[in-house]
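> only geometry, no sequence info:
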């Protein structure tokens, strides 16, 4: 194949950026194609707060230590031991050098003493958040001569045997263009950002689900790879969902619309009847237990009810609460039956959770909630070199996948805080290195 790119990366989020940078640093030519607009470049990494890393001792950016054995045990606990072992081990090992690698590529980290961040010996916080991290990596990509294109949706990959791939791209201009590539790394994100896809896999309930990230992670490249014969892993009907404010945008609300005050109050369905989420408690991940429970409610809607004490204990939210001087008047404001909500509060007050206390002090407040999808536990199968694995078990040299499009190899279920960025960045970096080695052969 003449006049072609050594590596074409499909997707401009954290996985795609790390893949492109790693490949370029290995001496090959790289082009990155992102289907989103320039203003939304970076995918869901724009919303990131922190990422999980192994470290044997305190560093300027994370206190104490967090061992590989702890990472492995916690991941096994949330996934039920379903993670692919070789992929998991590569991710855990790669996390140990991730901070230094990102710093080398222009990303600043936040010292624990700077600003207001929670104590964490498991995670590091990029200074300025995910958007600053993404912008730094794009600046580094430009400095290294990586060609990047926004509004460039890859519609198809055509295998040309040992010579590489034809990449068909539909951009903002009429028609489509064709790009030749020796290798392709697909980092286009997982499915779930497309309303039709949600409806197809979740029925009418899919219309009531909110998507916390970009609408451009629409699953089309995943479906295309599976259509070409790639193997699939995970379950398209299983999602990581959390409680979010129902008044937020349907797409791209990010972390700021998440409702974190549930341990301080009571949750009711749209009619005002009390509901619970088994095992939610007041653990840091309680909100993930509530996502599926809210999705099961009528119209995929619920309300968090707080009294003045609970509201004072709750962290500030993106939207102001709905406030009333009595439970009955709060019910009217929410469209609930006052008698039903008053009975729910009386039942709750008879045996309140220790974290909440009784709902007795006015004013009373409510947050309307929906389930917000973070990601779907479904993706394309890869081997330990990040090559896409076909349904018949073969691996195709020259075609790689990294990031959330292959995350189900590690995360068939469950989640750990800060894992999304770690998984995407580590596997993106490894895929870029693997692709460059393939080109050099």
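That came through, no problem. These numbers were taken from a predicted model, which means no experiment stands behind them. Numbers count the residues shown, from 1 in each chain.
> how near is residue 369 to residue 328?
21 Å (C-beta to C-beta, to the nearest Å). For the C-beta atoms, the positions are set from N, CA and C on the backbone; glycine is no exception.
> who's more crowded, these two?
Neighbour totals were compared for residue 369 and residue 328, and residue 369 leads with 28 against 15 (other C-beta atoms under 10 Å).
> Going by neighbour count, which residues of stretch 250-262 are buried?
Within stretch 250-262, the residues that count as buried by 16 or more other C-beta atoms under 10 Å are 252-255, 257-262.
> Over to stretch 81-98?
82-84, 87-88, 90-92, 94-96, 98.
> average pLDDT across it?
Averaging pLDDT along stretch 81-98 yields 94.
> residue boundaries of the helices in the stretch 151-300 of the chain?
Taking DSSP state H, counting those that start in this stretch, the helices of the stretch 151-300 of the chain run over residues 195-202, 220-228, 286-295.
> and the next element down the chain from the last one?
Counting by DSSP states H and E, the next helix or strand C-terminal to helix 286-295 is strand 301-306.
> what's the most buried one of the helices of the stretch 151-300 of the chain?
helix 286-295 (a mean of 22; mean count of other C-beta atoms under 10 Å).
> in this structure, what secondary structure element scores lowest on mean pLDDT?
In the chain, no helix or strand scores lower on mean pLDDT, DSSP states H and E than helix 286-295, which sits at a mean of 86.
> Which elements pack onto that helix?
The contact analysis (3 or more C-beta pairs under 8 Å, 6 or more residues apart in numbering; DSSP states H and E) places helix 286-295 against strand 232-245, strand 266-268, strand 301-306, strand 364-380.
> quick one: residue 369 and residue 410, what's the gap?
On the measure of C-beta to C-beta, residue 369 and residue 410 end up 29 Å apart.
> separation between the residue lying closest to residue 324 once chain neighbours are set aside and residue 298?
Nearest non-adjacent residue to residue 324, counting by C-beta to C-beta, 6 or more residues apart in numbering: residue 330, 3.9 Å away. For residue 330, the distance to residue 298 (C-beta to C-beta) stands at 19 Å.
> got a pLDDT number for the residue of the chain positioned farthest from its centre?
Using C-alpha atoms, centre = their mean, the residue of the chain lying farthest from its centre is residue 339. It sits 39.8 Å away. On pLDDT, residue 339 comes in at 98.
> Which strands and helices lie in contact with whichever strand or helix holds it?
Assigned by DSSP H and E, residue 339 belongs to helix 338-350. Other helices and strands packing on helix 338-350, by 3+ C-beta pairs under 8 Å, 6+ apart, are strand 266-268, strand 274-275, strand 301-306, helix 327-334.
> Any chance of CSV for the ones you listed, columns distance to residue 391 and mean pLDDT?
Output for those, formatted as CSV (distance: least, C-beta to C-beta, whole Å; pLDDT from 0 to 100):
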stretch, distance to residue 391, mean pLDDT
strand 266-268, 42, 96
strand 274-275, 41, 96
strand 301-306, 39, 97
helix 327-334, 49, 98
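> Can you say which of those is nearest to residue 205?
Closest to residue 205 of the helices and strands packed on helix 338-350, according to C-beta to C-beta: strand 301-306, at 11.2 Å.
> Which SSE is immediately downstream of the closest one?
Taking DSSP H and E, what comes next after strand 301-306 is helix 308-313.
> ok now that next one, how far from the chain's centre?
30 Å (C-alpha atoms, centre = their mean, to the nearest Å).
> Name the residues that touch the helix or strand that it is followed by?
Moving toward the C-terminus from helix 308-313, the next helix or strand (DSSP H and E) is strand 322-324. The contact list for strand 322-324 (C-beta atoms under 8 Å, 6 or more residues apart in numbering) reads 330, 332-334, 363-368.
> Wait, residue 20 touches residue 9, no?
Yes: with contact defined as C-beta atoms under 8 Å, residue 20 reaches residue 9; the gap is 4.7 Å.
> quick one: common contacting residues for these two?
Common contacts of residue 20 and residue 9 (C-beta under 8 Å, 6+ apart): 30, 32, 432.
> Format the buried residues of stretch 81-98 as JSON lines; extra columns: distance to residue 306 and secondary structure.
Formatted as JSON lines, those follow (distance: C-beta to C-beta, whole Å; DSSP: H, G, I helix; E, B strand; the rest coil):
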{"residue": "82", "distance to residue 306": "37", "secondary structure": "coil"}
{"residue": "83", "distance to residue 306": "37", "secondary structure": "coil"}
{"residue": "84", "distance to residue 306": "42", "secondary structure": "coil"}
{"residue": "87", "distance to residue 306": "42", "secondary structure": "helix"}
{"residue": "88", "distance to residue 306": "40", "secondary structure": "helix"}
{"residue": "90", "distance to residue 306": "44", "secondary structure": "helix"}
{"residue": "91", "distance to residue 306": "39", "secondary structure": "helix"}
{"residue": "92", "distance to residue 306": "39", "secondary structure": "helix"}
{"residue": "94", "distance to residue 306": "42", "secondary structure": "helix"}
{"residue": "95", "distance to residue 306": "37", "secondary structure": "helix"}
{"residue": "96", "distance to residue 306": "42", "secondary structure": "coil"}
{"residue": "98", "distance to residue 306": "39", "secondary structure": "helix"}
